[in-house]
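Enquirer: Provide a 3D model corresponding to the input given below.
(one chain, ligands or ions: 2)
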Amino acid sequence: MSGVVFDLDGTLIDSAPDIHLAANEVLRAEGLGELDLPTVRSFIGNGVAVLISRCIEAVGAEETPQLHAHLSREFLRIYEGEPRLTRLYPGAEEAIRTLKGQGYRVGLCTNKPEAATAAVLEHFGVIDLFDALVCGDTLPARKPDPAPLRHAIEELSVRRVAYVGDSEVDAETAERAKVAFALYTGGYRKAPVEALYHDARFDHFDELPPIVNRLAPPPE
Ligand SMILES: O=C(O)COP(=O)(O)O
Ligand SMILES: [Mg+2]
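Expert: Residues are numbered from 1 along each chain as shown. Ligands and ions are numbered 1, 2, ... in the order given. Okay, here's the model as predicted:
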């Protein structure tokens, strides 16, 4: 069997505008000011705990365990609600449906927690497209540790597999897991494309199915 595993934020969905709204709501409530969208977008990819630490540092506050726990709780309470500004990237759903039609099993490997992941996938009516979901709180380890990606591949029971992601974190995860990696250039990466490990790159999801066919040939 063949499979393809996707990252979520910055790969399938542009979630930064909602993450930005929720972060500013909790910062404002604590009198800590606000951050602009590019700043918050640059903090996404390593999970909620890292996002909140980066926000606290960026507003010049002192991080205490209490403040971090409080902001994380409040952030998730707001963010797990109905998505307001989040969008699927153009062609992403169609590319997944094309690959499923070719017989690929499809997984998700994100650092976003399970509840928030399920909420956004259900909102867009795409949760049933996935045969395996590995989220930021599924295992003790998170990307760039290779364990979550390996776990997703095990759950899919596939031998040939490609991973699709947008960031430094995904490139490192794929390299450490020794999995073929397709880099989506339209997400939240900070380094230039050339600086990141990848086997293929694409700017639009129309280009993805043939790339996956090459990196992980379809089931016969
Ligand atoms: O940082 C997060 O919470 C999630 O990011 P990811 O979906 O790109 O892994
Ligand atoms: Mg990402």
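
Enquirer: switch to C-alpha atoms for all contacts and neighbour counts from now on
Expert: Fine.

Enquirer: before we move on, which element is residue 3 in?
Expert: Assigning secondary structure by DSSP states H and E places residue 3 in strand 2-6.

Enquirer: again, but for residue 209
Expert: According to DSSP H and E, residue 209 maps onto helix 208-215.

Enquirer: helices or strands up against the strand or helix carrying residue 25?
Expert: Using DSSP H and E, residue 25 sits in helix 16-29. The contact analysis (3 or more Cα pairs under 8 Å, 6 or more residues apart in numbering; DSSP states H and E) places helix 16-29 against helix 37-41, helix 65-79.

Enquirer: does ligand 2 sit close to the next helix or strand after the shortest one?
Expert: Scanning the chain past helix 37-41 towards its C-terminal end, the next helix or strand to appear is helix 48-58 (assignment: DSSP H and E). No: with Cα under 5 Å from the ion as the threshold, helix 48-58 lies outside contact range of ligand 2, at a closest distance of 12.5 Å.

Enquirer: circling back: what's the helix holding residue 209 in contact with?
Expert: 4, 95, 98, 99, 161, 162, 180, 182, 199, 200, 202 (Cα atoms under 8 Å, 6 or more residues apart in numbering).

Enquirer: among the residues you listed, which lie within strands?
Expert: Among these, the ones falling in strands (DSSP state E) are 4, 161, 162, 180, 182, 200, 202.

Enquirer: now, which of these sits nearest ligand 1?
Expert: residue 182 (13.9 Å; Cα to the nearest ligand atom).

Enquirer: please point out which parts of stretch 104-116 sit buried.
Expert: 104, 105, 106, 107, 108, 109, 110, 111, 112, 113, 114, 116 (16 or more other Cα atoms under 10 Å).

Enquirer: could I get the contacts of helix 208-215 as JSON lines with neighbour count?
Expert: JSON lines is the format used below for the contacts of helix 208-215 (neighbours: other Cα atoms under 10 Å):
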{"residue": "4", "neighbour count": "27"}
{"residue": "95", "neighbour count": "18"}
{"residue": "98", "neighbour count": "15"}
{"residue": "99", "neighbour count": "20"}
{"residue": "161", "neighbour count": "25"}
{"residue": "162", "neighbour count": "23"}
{"residue": "180", "neighbour count": "21"}
{"residue": "182", "neighbour count": "25"}
{"residue": "199", "neighbour count": "15"}
{"residue": "200", "neighbour count": "16"}
{"residue": "202", "neighbour count": "16"}
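
Enquirer: and the furthest pair within those residues?
Expert: Spatially, the most separated pair among those is 98 and 199, at 20.8 Å (Cα to Cα).

Enquirer: how about residue 88, nearest residue that isn't a chain neighbour?
Expert: Nearest non-adjacent residue to residue 88, counting by Cα to Cα, 6 or more residues apart in numbering: residue 13, 4.3 Å away.

Enquirer: what does this protein have sitting close to ligand 2?
Expert: Residues of the chain lying near ligand 2 by Cα under 5 Å from the ion: 9, 10.

Enquirer: so where's the chain shaky on pLDDT?
Expert: For the chain, not a single residue meets the criterion pLDDT under 70.

Enquirer: domains of it?
Expert: What automatic domain parsing lists as the domains of the chain is 2-14+86-215, 16-79.

Enquirer: and the chain, which residues reach ligand 1?
Expert: Counting by Cα under 6 Å from any ligand atom, the residues of the chain close to ligand 1 are 7, 8, 9, 10, 44, 45, 46, 47, 48, 110, 111, 112.

Enquirer: tell me, how many residues neighbour the spatially closest residue to residue 15 that is not a sequence neighbour?
Expert: Counting by Cα to Cα, 6+ apart, residue 15 lies nearest to residue 86, which is 4.6 Å off, once chain neighbours are set aside. The tally of other residues near residue 86 (other Cα atoms under 10 Å) stands at 18.
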